[in-house]
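Enquirer: What follows is a predicted structure for the sequence shown.
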Amino acid sequence: MSRRFPFFVPMVLLALLPAQAAAESAHLQVIPSQQILPKQIFQRALGSQVAEQDFTLGNNSEVLTLRQTAGNAVNVVDLGEQAIDSASQYFDGQQRSLNEIVLNTMGALQKIDQRAANISGAIVGGQIGNVDQTFANGALQHASNTLDIAGLPSDIRQSGINTINVIYSRESVAISSQNISEKASQMVDNHMMVRKAGGSGAIIQNGTNLGNIIVAGTIGEVVRDFSGDQIVSNVITLEEGASYGSITQSGLNIANYIEAESIGQLRQTSTGRQVVENAVQYQTLNGLTRKITEPRISQNSANFVNLIVLKPTSMGGSDQASDIMQTADFEQKVSGSDTGTTQSGNALTIER
């Protein structure tokens, strides 16, 4: 397994930022690093978070750019470099980030950007002791971007990301338990309808689901289970005569990822489903002919389960052997990946 994912932590933190306002407005427990912090943290959240935006553009509009950002965050602790003895995070409910735009006329519009993000259970700190994170049976994250347009501006982007159970420490994590329970789901839907003549613009759709992620210097003991579904659906429908400049669609699902210089003991199981759908739908025979003769379509899909990366040890660091046991009984499915498809389970990379 040679493919690396150094972007995990930045992506997670970027997903968290736009959701802070939604989390705080719902009176959820978010602890910034500059406050005086307890050594033990307990967070339990039940119910639903919904961030929903609808927009319709009228005639003769002079709007150049449309941007929608919807986000939810629950059970988020950012301690900076400070230590914590123990933390427990539990979520039983739903997070829905929903963006919708309907444009019957394009006016002067040049750019459309829709972004939806959900995060549940995240701890960032220095030395981290015992952590227990649970995403309950039947809980849901849904990031959705829907667009119905009468033409095609120069640039359209739809992106969605769902993140569950993240632990990040530059130093160490002693003991951690992460559970994404049965019938839990992470779903990203990027759907677009292009009507009338279309145009020469670029369309980009990407969806990402991350579940049970640990990145640390050293890790003592980890026990975790992923028993849910991760689904990414990128769909573009082109009406009769609708043209486009280029189309890029990508989907990424990751269940149980761990990265450290040393891992004492790791026990992880995965049972569930990972699906990536990339589809460009043409409603006429002429459209299907153009798909073959002038594709200009790039589609990428990746499903990963139980990924372990052992980093080079720092000066004076431990190079102890790791006790690892992992089991994956995961259905992995992709469709419409013309450019590249990657699927992997129970993979170990040693960078030494």
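Expert: Looks like it came in fine.
Enquirer: Can you give the distance of the helix or strand hosting Asn234 from its chain's centre?
Expert: Taking DSSP states H and E as the definition, Asn234 sits inside strand 229-238. Relative to the centre of its chain, strand 229-238 is centred 14 Å away, using CA atoms, centre = their mean, to the nearest Å.
Enquirer: angle of the very next helix or strand once past that strand against strand 229-238?
Expert: Once the chain leaves strand 229-238, the next helix or strand it forms, by DSSP H and E, is strand 246-260. Using axes from the mean of the first three to the mean of the last three CA atoms, to 10 degrees, the direction of strand 246-260 lies 170 degrees away from that of strand 229-238.
Enquirer: got the buried residues for strand 246-260?
Expert: For strand 246-260, the neighbour count (16 or more other CB atoms under 10 Å) marks 247-260 as buried. In short, each C-beta sits where N, CA and C put it, glycine included.
Enquirer: Kindly reformat those residues as CSV containing distance to Asn206 and pLDDT.
Expert: Output for those, formatted as CSV (distance: CB to CB, whole Å; pLDDT from 0 to 100):
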residue, distance to Asn206, pLDDT
Ile247, 12, 93
Thr248, 8, 95
Gln249, 7, 95
Ser250, 5, 95
Gly251, 7, 95
Leu252, 8, 95
Asn253, 12, 95
Ile254, 14, 94
Ala255, 18, 93
Asn256, 22, 93
Tyr257, 18, 94
Ile258, 24, 93
Glu259, 22, 93
Ala260, 28, 93
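Enquirer: so which of those residues comes closest to Gly125?
Expert: Minimum distance to Gly125 across those is 14.9 Å, recorded for Ala260 (CB to CB).
Enquirer: now whichever strand or helix holds Ile263, how far from the centre of its chain.
Expert: Ile263 belongs to strand 262-282 when assigned by DSSP H and E. On the basis of CA atoms, centre = their mean, strand 262-282 sits 12 Å off its chain's mean C-alpha point.
Enquirer: Which strands or helices does the strand holding Asn234 pack on?
Expert: Secondary-structure packing of strand 229-238 (3 or more CB pairs under 8 Å, 6 or more residues apart in numbering; DSSP states H and E): strand 185-194, strand 202-215, strand 246-260, strand 262-282.
Enquirer: Would you mind putting those strands into TSV with distance to Asn104 alongside?
Expert: Listed next are the helices and strands packed on strand 229-238 as TSV, based on distance: least, CB to CB, whole Å:
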stretch	distance to Asn104
strand 185-194	12
strand 202-215	19
strand 246-260	23
strand 262-282	21
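Enquirer: and of those strands, who's closest to Ser176?
Expert: strand 202-215 (6.4 Å).
Enquirer: mind showing which ranges of this protein have poor pLDDT?
Expert: Low-confidence segments of the chain, defined by pLDDT under 70: 1-38, 58-61, 283-295, 315-321, 328, 330-333, 336-347, 352.
Enquirer: follow-up on the earlier one: run me through the strand neighbours of the strand holding Asn234, direction for each.
Expert: Strand 229-238 sits in its sheet next to strand 185-194 (parallel), strand 262-282 (parallel), going by DSSP bridges.
Enquirer: Tell me the buried residues in that strand?
Expert: Applying 16+ other CB under 10 Å to strand 229-238 flags Asp229, Gln230, Ile231, Val232, Ser233, Asn234, Val235, Ile236, Thr237, Leu238 as buried.
Enquirer: same question, stretch 50-59
Expert: In stretch 50-59, counting by 16+ other CB under 10 Å, buried: Ala51, Leu57.
Enquirer: about what we covered before: what's the angle from the strand holding Ile263 to strand 202-215?
Expert: Comparing the axes of strand 262-282 and strand 202-215 via the same axes, to 10 degrees yields an angle of 160 degrees.
Enquirer: still on that earlier bit, quick one: the buried residues of strand 229-238 as a markdown table, columns for distance to Ile203 too.
Expert: Below are the buried residues of strand 229-238 laid out as a markdown table (distance: CB to CB, whole Å):
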| residue | distance to Ile203 |
| --- | --- |
| Asp229 | 26 |
| Gln230 | 23 |
| Ile231 | 21 |
| Val232 | 16 |
| Ser233 | 15 |
| Asn234 | 10 |
| Val235 | 11 |
| Ile236 | 6 |
| Thr237 | 11 |
| Leu238 | 10 |
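Enquirer: For Met187, state which of those is nearest.
Expert: In terms of CB to CB, no member of these lies closer to Met187 than Ile231, at 4.9 Å.
Enquirer: List the residues that contact that closest one.
Expert: Contact analysis of Ile231 by CB atoms under 8 Å, 6 or more residues apart in numbering lists Ser185, Gln186, Met187, Val188, Asn209, Asn253, Arg273, Gln274, Val275, Val276, Glu277.
Enquirer: One more: Asn253?
Expert: Neighbour list for Asn253: Gln186, Thr208, Asn209, Gln230, Ile231, Val232, Gln274, Val275, Val276, Ala302, Asn303, Phe304 [criterion: CB under 8 Å, 6+ apart].
Enquirer: hmm, 7 Å instead?
Expert: Contact analysis of Asn253 by CB atoms under 7 Å, 6 or more residues apart in numbering lists Asn209, Gln230, Val232, Gln274, Val276, Asn303.
Enquirer: repeat for Ala139
Expert: By CB under 7 Å, 6+ apart, the neighbours of Ala139 are Phe91, Asp92, Gly93, Gln94, Ala184.
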